[in-house]
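Visitor: what's the 3D shape of this:
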Amino acid sequence: MKISVRNLEPTKVRLTITVDPDELNPYLDQARKEIGKQVTIPGFRKGHVPGPIIDQRVGFASVAGEAVNAGVPELYSKALEEKQLHAMAQPQIDVKDIPSSAKDDTKLKFTAEVEIRPKFELPDIEGMEIEVPKPAVTDEDVDKRLDNLRQRFGTLVSVDRPATKGDYANIDLDAVIDGKSVDSQQGVSYELGSNTMLDGLDEALDGLSAGEETTFEGTLEAGEHQGEKAQIKVKVNSVKAEELPDLDDEFAKEASEFETLEELREDVRKQCQVDAEGRQATDARDAFIAKLQDGLDIPVPKGIKQSMVTDQLKNTGKDPDKASKDEKAEAEESVEKELRDQMTLDALAEKLGITVSQADVTNFLASIAQQYGMDPSAFINGIVRNGQLGSAVQEVGRSKGMLAGMRAVTFKDPDGQEVDLSRFLGEDEPEAQEEQDESVQAASAAAEVADQLSQDKE
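Guide: Residues are numbered from 1 along each chain as shown. Just a heads-up that it's a prediction; the model follows:
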């Protein structure tokens, strides 16, 4: 097999692959065998029809078509492996030449254009030191968490005054375009300052009392007239303020198992410390990836980037064609970082020789299913049917590579003290549990079914 590679972009190549007859012949023979199982030819049993007879009765073109359909994906994968290219998307295949008969010397030739992971050299992580901030907890952190707890026990009471930030207003809305009402809602409860509805609504409501109304211009964010400007009429039916319980021993008894506020406060501080340590681990992860990327120029595949930007805008309720310049720029920045991080972790896993077992993937998917309250077996079978198993394997590889890499470096705080992240990074080679819970057992069974399905397709 002859392979030539042309660089179209820093992250896109065109492979031209020419296949020698002896490499194509096994696919032709297999195609004849499969066709022979499906056709009835007098004098021969199904599955035992000689190849030349199949070529004669069905036509070599049909045989060659079946062989190409089965062989091109495998030959393409072999070409990627031989040239050490890492595809990041599905290729665009274009078959150029196919032999017209069994005696034709024409070689199978096809091209494949595909976006790839660019080549870059990661730094050696041996002896690497990375600084991360301390997991500081302030009185403000503790007070904020206590305030959140108070809000869970708060009540709303009607007030006879103008609405202000933090109040809850019961409102009627009517959107008017060219003098015609296009959308209306009644009795909507809205927290001033939350900015969870129309732009400009918070400003319009600020200072209004029950029974008062006003009109402002806003952009509709849903429905038939999404993205259009409208005159929004808003009427305030009532104003309520949140009344919080006093922060004292009585509150501590009602909201927790503690007898005094001081005991509750100390427990909250411990919770804040745990959260701070979790944030430190996240900071360490981000600093580790940034250290790997330091000084590297890692271009991102344009096609994949555009697809991901479109998906991200749609997922946030924005029309990609109508999104503002700032919204698109923000999405592009987010996607570029995500892609660079993914490619960096893929390269790291490869450099560290990370392997992903079936048990790794099974446990990973089972944990996701559990998070969403789904049956692991059904979830994993759905992943397989939708062709997403490869993505799961890749994600597990990235995670294992990142953890292995972070275990190999030293993290220190600004004072030069070594930071122990073992609670978050786990052991180098965790021992397999002797007993799995029922959900993981179910997931393992599903994985076996998935494996059998893939074998049946082959």
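Visitor: output the contacting helices and strands for the strand or helix carrying Tyr76.
Guide: Using DSSP states H and E, Tyr76 sits within helix 60-82. Helices and strands touching helix 60-82, by 3 or more C-beta pairs under 8 Å, 6 or more residues apart in numbering; DSSP states H and E, are strand 12-19, helix 21-36, strand 92-97, strand 108-115. Heads up, the C-betas are built off the backbone N, CA and C, glycines and all.
Visitor: residues near Ser181, how many?
Guide: 12 (other C-beta atoms under 10 Å).
Visitor: just Leu8 next, same as before
Guide: 11.
Visitor: which ones are touching it?
Guide: By C-beta atoms under 8 Å, 6 or more residues apart in numbering, the contact list for Leu8 reads Arg14, Glu113.
Visitor: buried sites along the helix or strand hosting it?
Guide: Applying DSSP H and E as the criterion places Leu8 in strand 2-9. Taking 16 or more other C-beta atoms under 10 Å as the neighbour-count basis, strand 2-9 is seen to contain the buried residues Ile3.
Visitor: which regions of the stretch 1-150 of the chain sit below the pLDDT cut-off?
Guide: Filtered on pLDDT under 70, the stretch 1-150 of the chain yields the residue ranges 47.
Visitor: also the stretch 301-450 of the chain?
Guide: In the stretch 301-450 of the chain, residues with pLDDT under 70: 427-450.
Visitor: need the helices for it, in chain order.
Guide: With DSSP state H, counting those that start in this stretch, the ranges of helices along the stretch 301-450 of the chain come out as 302-315, 325-351, 358-371, 376-385, 389-408, 422-425, 438-457.
Visitor: for Phe288, which of these is the nearest?
Guide: Distance to Phe288, taken as C-beta to C-beta, is lowest for helix 389-408 among the helices of the stretch 301-450 of the chain, at 5.4 Å.
Visitor: any chance you could map the helices in the stretch 51-200 of the chain?
Guide: For the stretch 51-200 of the chain, applying DSSP H, counting those that start in this stretch gives helices covering 51-58, 60-82, 139-152.
Visitor: which one of these lies nearest to Ile383?
Guide: With distances scored as C-beta to C-beta, the stretch of these nearest to Ile383 is helix 60-82 (20.5 Å).
Visitor: give me the angle between that closest one and helix 21-36.
Guide: Put simply, helix 60-82 runs at 130 degrees to helix 21-36, going by axes from the mean of the first three to the mean of the last three C-alpha atoms, to 10 degrees.
Visitor: name the residues of helix 60-82 that are buried.
Guide: Neighbour-count burial for helix 60-82 flags 60, 63-64, 66-68, 70-72, 75-76, 79-80 (criterion: 16+ other C-beta under 10 Å).
Visitor: residues contacting the closest residue to Asp248 other than its chain neighbours?
Guide: Residue nearest to Asp248 in three dimensions, not counting chain neighbours: Leu261, with 5.8 Å by C-beta to C-beta, 6 or more residues apart in numbering. Leu261 makes contact with Leu247, Asp248, Asp249, Phe251, Ala252, according to C-beta under 8 Å, 6+ apart.
Visitor: Leu261 and Arg32, how far apart?
Guide: 84 Å (C-beta to C-beta, to the nearest Å).
Visitor: ok, Arg265 - how many residues close by?
Guide: Applying other C-beta under 10 Å, I find that Arg265 has 17 neighbouring residues.
Visitor: returning to what we had before: save the helices of the stretch 51-200 of the chain as CSV, and put in distance to Met308 too.
Guide: Shown next, in CSV, are the helices of the stretch 51-200 of the chain (distance: least, C-beta to C-beta, whole Å):
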stretch, distance to Met308
helix 51-58, 44
helix 60-82, 22
helix 139-152, 34
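Visitor: for Leu108, which of the ones you listed is the nearest?
Guide: helix 60-82 (6.8 Å).
Visitor: strand 92-97 and the closest one, what's the angle between them?
Guide: Relative orientation of helix 60-82 versus strand 92-97 (the same axes, to 10 degrees): 130 degrees.
Visitor: partner strands of the strand of greatest length in the chain, with direction?
Guide: The residue-count maximum for a strand in the chain (DSSP state E) belongs to strand 229-243. Strand 229-243 pairs in its sheet with strand 155-158 (antiparallel), strand 168-177 (antiparallel), strand 213-219 (antiparallel), by DSSP bridges.
Visitor: re earlier: nearest to Arg269, out of the helices of the stretch 301-450 of the chain?
Guide: helix 422-425 (18.8 Å).
Visitor: and that closest one, what does it pack onto?
Guide: Counting by 3+ C-beta pairs under 8 Å, 6+ apart, helix 422-425 packs on helix 261-293, helix 389-408.
Visitor: any chance of the ones you listed in TSV, with distance to Asp160 too?
Guide: Output for those, formatted as TSV (distance: least, C-beta to C-beta, whole Å):
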stretch	distance to Asp160
helix 261-293	32
helix 389-408	56
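Visitor: would you tell me which of the ones you listed gets closest to Lys107?
Guide: Proximity to Lys107 (C-beta to C-beta) singles out helix 389-408 among the helices and strands packed on helix 422-425, at 30.2 Å.
Visitor: list the contacts of the closest one.
Guide: Under the contact criterion C-beta under 8 Å, 6+ apart, helix 389-408 has outside partners 125-126, 128, 284-285, 288-289, 292, 342, 345-346, 348-350, 352, 354, 356, 360-361, 364-365, 383, 421, 425-426, 428, 450.
Visitor: which of those count as buried?
Guide: 125, 284-285, 288-289, 292, 342, 345-346, 348-349, 352, 354, 356, 360-361, 364-365, 383, 421, 425, 450.
Visitor: what's opposite Ile232 in the beta bridge?
Guide: Beta bridges link Ile232 to Ala175, Phe216 when assigned by DSSP bridges.
Visitor: so what's it up against?
Guide: Taking C-beta under 8 Å, 6+ apart, one finds Leu173, Asp174, Ala175, Val176, Leu198, Gly200, Leu201, Ala204, Thr215, Phe216, Glu217, Gly218 in contact with Ile232.
Visitor: for Asp55, same thing?
Guide: Per C-beta under 8 Å, 6+ apart, neighbours of Asp55: Arg32, Val63, Ser101, Ala102.
Visitor: how about a cut-off of 6 Å?
Guide: Each residue near Asp55 by C-beta atoms under 6 Å, 6 or more residues apart in numbering is listed here: Val63, Ala102.
Visitor: how many neighbours does Gly207 have?
Guide: By the criterion of other C-beta under 10 Å, Gly207 has 12 neighbours.
Visitor: residues contacting it?
Guide: By C-beta under 6 Å, 6+ apart, the contact set of Gly207 is Pro162.
Visitor: need the three-state assignment for it.
Guide: With DSSP: H, G, I helix; E, B strand; the rest coil as the basis, Gly207 sits in coil.
Visitor: could you measure it against Leu339, distance?
Guide: Distance of Gly207 to Leu339, computed by C-beta to C-beta: 46 Å.
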